[in-house]
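Visitor: Below: sequence and its predicted model.
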Amino acid sequence: MAPSEGTADGARIAVESIGGAPKEDIYRFLKYFRGTRDWFPVSIPFAAVGAGPVVVRCGIQNYSRFTGTAWFDGVSLVMVAPPKEVERP
């Protein structure tokens, strides 16, 4: 099956802000995958807000009680552009 965003369960990859950021600075980019398939690359472009830390989470989210295994290999973050300053009121 193709990846879906916002689905409640499946193998999940997420990029999330952490550590006391104001609510408007919290971002979360998700991709969920279901079904049996061969290895394939996944890319999740995102724009970081501010200079706070982020965490990449890979795993299985299971609200429907399905079974299965997910393997993640070679996870990395790559900066493709320098960060921009965010103006605060």
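Guide: Nice, I can see it.
Visitor: helices and strands of this structure: which one bottoms out on pLDDT?
Guide: strand 28-33 (a mean of 68; mean pLDDT, DSSP states H and E).
Visitor: Quick check: which ranges of this structure have low pLDDT?
Guide: 1-9, 18-30, 47-52, 63-66, 83-89 (pLDDT under 70).
Visitor: ok, now which ones touch residue 59?
Guide: Contact analysis of residue 59 by Cβ atoms under 8 Å, 6 or more residues apart in numbering lists 11, 12, 70. Bear in mind the C-beta positions are built from the backbone N, C-alpha and C, glycine included.
Visitor: in a helix, that's where it is, yeah?
Guide: No. According to DSSP: H, G, I helix; E, B strand; the rest coil, residue 59 belongs to no helix; its state is strand.
Visitor: oh, and call the first residue 14 from now on, that's how I've got it
Guide: Yes, from this point I'll number from 14; that puts the last item at residue 72.
Visitor: Dig out what it forms beta bridges with.
Guide: Beta-bridge partners of residue 72, counted by DSSP bridges, are residue 25.
Visitor: Against residue 47, how distant is residue 58?
Guide: 22 Å (Cβ to Cβ, to the nearest Å).
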